[in-house]
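Visitor: With the input below, show me the fold.
(chains A and B)
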Amino acid sequence: EPEVTQTPSHQVTQMGQEVILRCVPISNHLYFYWYRQILGQKVEFLVSFYNNEISEKSEIFDDQFSVERPDGSNFTLKIRSTKLEDSAMYFCASSDPPRAIYEQYFGPGTRLTVT
Amino acid sequence: GENVEQHPSTLSVQEGDSAVIKCTYSDSASNYFPWYKQELGKRPQLIIDIRSNVGEKKDQRIAVTLNKTAKHFSLHITETQPEDSAVYFCAASIRSGYSTLTFGKGTMLLVSP
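Guide: Down below sits the predicted model:
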């Protein structure tokens, strides 16, 4: 069964550094999402992406964040200047209209640790 | 925006008992309600979902009910097994081309043998 994949599984970075988190959505999916989960807390929506542009973003997704689909398979989340509070698990998800327009499938996550 | 409340935060049951987790939502426009199971250190996995034109949906030992008037929905697990132990998240979204999910805070379910 196809799955969303993410790399790296764990990223440690120093405050102020840029990080890029990578995702490969399920191949025939058209909608892509990033969520984050601070340790022990709920999953929070960051951004959705469709047709090479952002569809919706939350207030968490400020100017420090950007997303890109650089080629036909990858979907990336960039944090320009990381802060301590960016430490979290970041999940990529994808969905596949019209067959299953609402169902979102999550990747295994990237644990980002900012020191 | 949408706000989803989930109760209880932890739930301990004996193997074979039933477990019920409840969620309420605030936005009456929401009409898609998935449930995710997250085992420790793993990805959230969709286990069941319900859309607002349906009041109940069942899949083997798992069922979800929806009360649109009261704006609440529940997950029911019967004949619980130790492998059901995980964190369960409810979520809500408005039907659209991209269904942004708003999650509840999660329920840690512990099933003791």
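Visitor: now residue B:91: how far from chain A?
Guide: Distance from residue B:91 to chain A, counting by C-beta to the nearest C-beta, to the nearest Å: 8 Å. To be clear about C-beta, it is placed using only N, CA and C from the backbone, and glycine gets the same treatment.
Visitor: That residue: what's it in contact with?
Guide: Each residue near residue B:91 by C-beta atoms under 8 Å, 6 or more residues apart in numbering or on different chains is listed here: A:43, B:4, B:33, B:34, B:35, B:36, B:101, B:102, B:103, B:104.
Visitor: near chain A, which residues of chain B show up?
Guide: Residues of chain B found near chain A (C-beta under 8 Å from any C-beta of the partner chain) are B:32, B:34, B:36, B:42-46, B:49, B:51, B:89, B:91, B:93, B:95, B:97-106.
Visitor: OK, contacts around the residue of chain B most remote from its centre?
Guide: The C-alpha centroid of chain B is most remote from residue B:113, which lies 22.8 Å away (C-alpha atoms, centre = their mean). By C-beta under 8 Å, 6+ apart, the contact set of residue B:113 is B:15, B:82.
Visitor: hang on, the earlier thing: go through the contacts of residue B:91 and name the one nearest residue A:19.
Guide: Nearest to residue A:19, judged by C-beta to C-beta, of the contacts of residue B:91 is residue A:43 at 19.5 Å.
Visitor: So the closest one sits against residue A:37, correct?
Guide: Yes - with contacts counted by C-beta atoms under 8 Å, residue A:43 reaches residue A:37, the gap being 4.8 Å.
Visitor: Please say which of those two ends up with more neighbours.
Guide: Each of residue A:43 and residue A:37 has its neighbours counted (other C-beta atoms under 10 Å in any protein chain shown); residue A:43 has more, 25 against 20.
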